[in-house]
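J.: no sequence on this one, just coordinates:
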């Protein structure tokens, strides 16, 4: 974060210096075209681009650190959940090792409504 703040502060400082230089030269009676073609302007641009690249590099580093720090807690959380599931399965039956999930019993017949959907006539008086 310090690198980002320093680079942005330097970019603002270069911009302020360039603006001051431009105003000073205009005050001396130079035309704007002559000022822009002077040797000082490329130096200002060079410094500004250097500081901009430094800020971009610092942002990329910060994003990488954030991604890394976010990935670690997720992995740890998933590992904890897996451990809880395994320990719950072994606590129910300590001899049984956790394995693949087996299908449970079939659901009971929902009753007359499902037969009616199939087109059968159902009497509720039965």
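T.: Right, received. Where do you want to start? As the structure is a prediction and not an experimental result, all values here were calculated from the model.

J.: can you pull out the helices in the chain?
T.: For the chain, the helices defined by DSSP state H occupy 2-27, 32-36, 40-92, 112-117.

J.: ranking those helices by burial, who's on top?
T.: helix 2-27 (a mean of 14; mean count of other CB atoms under 10 Å). The way it works is simple: take the backbone N, C-alpha and C, and place the C-beta from them, glycine included.

J.: State the mean pLDDT of that helix.
T.: Mean pLDDT, computed over helix 2-27, is 88.

J.: can you check stretch 36-44 too?
T.: 87.

J.: swap in stretch 80-93?
T.: Stretch 80-93 comes out with an average pLDDT of 62.

J.: And residue 41, how far from residue 13?
T.: 16 Å (CB to CB, to the nearest Å).

J.: show me the contacts for the nearest residue to residue 52 once chain neighbours are set aside.
T.: For residue 52, ignoring the flanking residues on the chain, the nearest one in space by CB to CB, 6 or more residues apart in numbering is residue 11 at 6.1 Å. The contact partners of residue 11, taken as CB atoms under 8 Å, 6 or more residues apart in numbering, are 48, 51, 52, 55.

J.: Tabulate those (JSON lines), appending pLDDT and distance to residue 37.
T.: Shown next, in JSON lines, are those (pLDDT from 0 to 100; distance: CB to CB, whole Å):
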{"residue": "48", "pLDDT": "90", "distance to residue 37": "18"}
{"residue": "51", "pLDDT": "89", "distance to residue 37": "23"}
{"residue": "52", "pLDDT": "89", "distance to residue 37": "23"}
{"residue": "55", "pLDDT": "88", "distance to residue 37": "28"}
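
J.: who touches residue 35 in this structure?
T.: Neighbours of residue 35 in contact, by CB under 8 Å, 6+ apart: 21, 22, 25, 26, 41.
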